[in-house]
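>>> Requesting a structural model of the entry that follows:
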Amino acid sequence: MNEAELVELLRERADIPDEGHRTRVEGVRAKVRRSRWQQAGGILAAVVVVLAGLLYAVPRGPSSDPADPPGESLPTYQDGYRFSTTAFATLPERTKEVTYEVKGDFLVYAHCAITDLHRTTILIKVNDRVWYDGPCDRNGGPVLPPRDARTAYGIRLGQPIRIELSLPDPAARTGRWGIRIGEAVAFADYSFPPRPSQLAALPRGDQVVAWSHPEHPDGQFETRFPWPDAGELVLWTNSPGRFRVFVNGVPVVEAVFFDYGVHWAPSGPISEWSRLYGLDVKPGQEVVLLVIPERAAGQWQVTQSPAQPR
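Sure thing, here's the model as predicted:
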């Protein structure tokens, strides 16, 4: 499934405005590109779509919540969602059940912090039907639902769904495992993490065509330059924020990030711009580049890159 199909899948399955989907999907795009292992079927392990949400997990620092798996810190706010529902079990308990009322776009994180095992297997059922049966570790386990998930699994807005979990692997003898469920939060209402004392450095090498002001990173940037005959634009940032990049008034990058660290979002190759954006740019033609950041708290830049970063 490509990114366009992912956006469409999310749009089909949720009842929130299209802009809410777009910003969250753009943030997820970066996590997809940073993921290091791949599930069968070619889906990157950083992301798992669950109805209108996404299932994935990232390792964190020490935990202060007794319900959290050992060695994990599971923040209340993450990736544009607020987590309020959890279902964790301690081995030898191998089954767990939780009822969740669907309110709109939601996100599920799976965690399997099993002693002496890097990865185990988790079985997830939704309303008595198998939703996922596959790997689970401290970084979560990915699965894409079928396109008919809303009807096939009896998922309706305002109605409860029953989620059953089990850990069938007999080699898993001690540890904590389970899931937590988050609900979408508007960008303006999101609780962002505090700014660290030192930010990660942005990469160097490609031609920088737009950049943030050191004292006003949330200020707009506009410039003109002759368009090359190949490559693409890539937005880079080391802070949370919403970013939009326009060429001749047409948006070619729209992304949102919810944490600190190096993030990127590519425009796609120039050769595809006519199809992607209806924008026909000729080599050597002068174009107007406009960058509109929102809530940027660090550095950002737009580079002219010959290839998409991996």
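>>> least trustworthy helix or strand in this protein by mean pLDDT?
strand 43-44 (a mean of 27; mean pLDDT, DSSP states H and E).
>>> give me the element Ala113 is part of.
Per DSSP states H and E, Ala113 falls inside strand 106-114.
>>> Thr303 too?
Applying DSSP H and E, one finds Thr303 within strand 300-305.
>>> And that strand, how far out from the chain middle?
Relative to its chain's centre, strand 300-305 lies at 21 Å (Cα atoms, centre = their mean, to the nearest Å).
>>> and what of stretch 185-202?
On Cα atoms, centre = their mean, the centre of stretch 185-202 falls 15 Å from that of its chain.
>>> ranges for the helices of the stretch 151-300 of the chain?
For the stretch 151-300 of the chain, the helices defined by DSSP state H, counting those that start in this stretch cover 273-277.
>>> where does the stretch 101-250 of the chain have low pLDDT?
For the stretch 101-250 of the chain, the stretches flagged by pLDDT under 70 are 140-150.
>>> how close does the nearest residue to Ser239 once chain neighbours are set aside get to Pro193?
In space, and not counting its chain neighbours, Ser239 is closest to Gly298: 3.1 Å by Cβ to Cβ, 6 or more residues apart in numbering. Where you see a C-beta, it was placed from the backbone N, CA and C, and this is true even at glycine. Distance of Gly298 to Pro193, computed by Cβ to Cβ, to the nearest Å: 12 Å.
>>> try Phe187
In terms of Cβ to Cβ, Phe187 sits 15 Å off from Pro193.
>>> try Gly80
13 Å.
>>> more neighbours, the two?
More crowded of Gly80 and Pro193, by other Cβ atoms under 10 Å: Gly80, with 25 against 12.
>>> Isn't the more buried one up against Ala255?
No: between Gly80 and Ala255 no contact is recorded; they are 11.9 Å apart, counting by Cβ atoms under 8 Å.
>>> How about residues contacting stretch 211-218?
The contact list for stretch 211-218 (Cβ atoms under 8 Å, 6 or more residues apart in numbering) reads 219, 221, 239, 241, 293-302.
>>> and if we set it to 7 Å?
Residues external to stretch 211-218 that are found in contact with it (Cβ atoms under 7 Å, 6 or more residues apart in numbering): Gly219, Phe221, Pro293, Glu294, Arg295, Ala296, Ala297, Gly298, Gln299, Trp300, Gln301.
>>> residues contacting the first one?
Under the criterion of Cβ under 7 Å, 6+ apart, the contact list for Gly219 reads His213.
>>> do the fourth one as well
Contacts for Glu294 (Cβ under 7 Å, 6+ apart) come out as Asp218, Gly241, Arg242.
>>> Could you rerun that using 8 Å?
With Cβ under 8 Å, 6+ apart, Glu294 has these contacts: Phe187, Asp218, Gly241, Arg242, Phe243.
>>> How about Arg195: what's its closest non-neighbour residue?
In space, Arg195 is closest to Ala297, 5.4 Å off (Cβ to Cβ, 6+ apart).
>>> Which parts of this protein belong to which domain?
3-58+72-187, 207-305 (automatic domain parsing).
>>> Can I get these in TSV including distance to Ala200?
Output for these, formatted as TSV (distance: least, Cβ to Cβ, whole Å):
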stretch	distance to Ala200
domain 3-58+72-187	12
domain 207-305	5
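>>> residue contacts, the residue nearest to Ser239?
Contact analysis of Gly298 by Cβ under 8 Å, 6+ apart lists Arg195, Leu199, Ser212, Pro217, Thr237, Asn238, Ser239, Tyr260.
>>> For Arg129, see how far away it is.
With distances taken as Cβ to Cβ, Gly298 is found 44 Å from Arg129.
>>> can you count the residues close to the nearest residue to Asp105 once chain neighbours are set aside?
Nearest non-adjacent residue to Asp105, counting by Cβ to Cβ, 6+ apart: Ala184, 3.8 Å away. By other Cβ under 10 Å, the residues close to Ala184 number 22.
>>> Run through the bridge partners of Ala184.
Under DSSP bridges, the beta-bridge partners of Ala184 are Tyr81.
>>> If you count neighbours, what's buried in stretch 79-94?
Residues Asp79, Gly80, Tyr81, Arg82, Phe83, Thr85, Thr86, Ala87, Phe88, Ala89, Leu91 are the ones in stretch 79-94 that count as buried (16 or more other Cβ atoms under 10 Å).
>>> In this structure Thr223 contacts Val245, no?
No: at 11.5 Å, Thr223 does not count as touching Val245 under the criterion of Cβ under 8 Å.
>>> Could you check which of those two is surrounded by more residues?
Taking other Cβ under 10 Å, Thr223 and Val245 do not tie; Val245 has more neighbours (24 against 13).
>>> still on that earlier bit, what's the strand holding Thr303 packed up against?
Judged by 3 or more Cβ pairs under 8 Å, 6 or more residues apart in numbering; DSSP states H and E, strand 300-305 is in contact with strand 207-211, strand 232-237, strand 241-247, strand 286-294.
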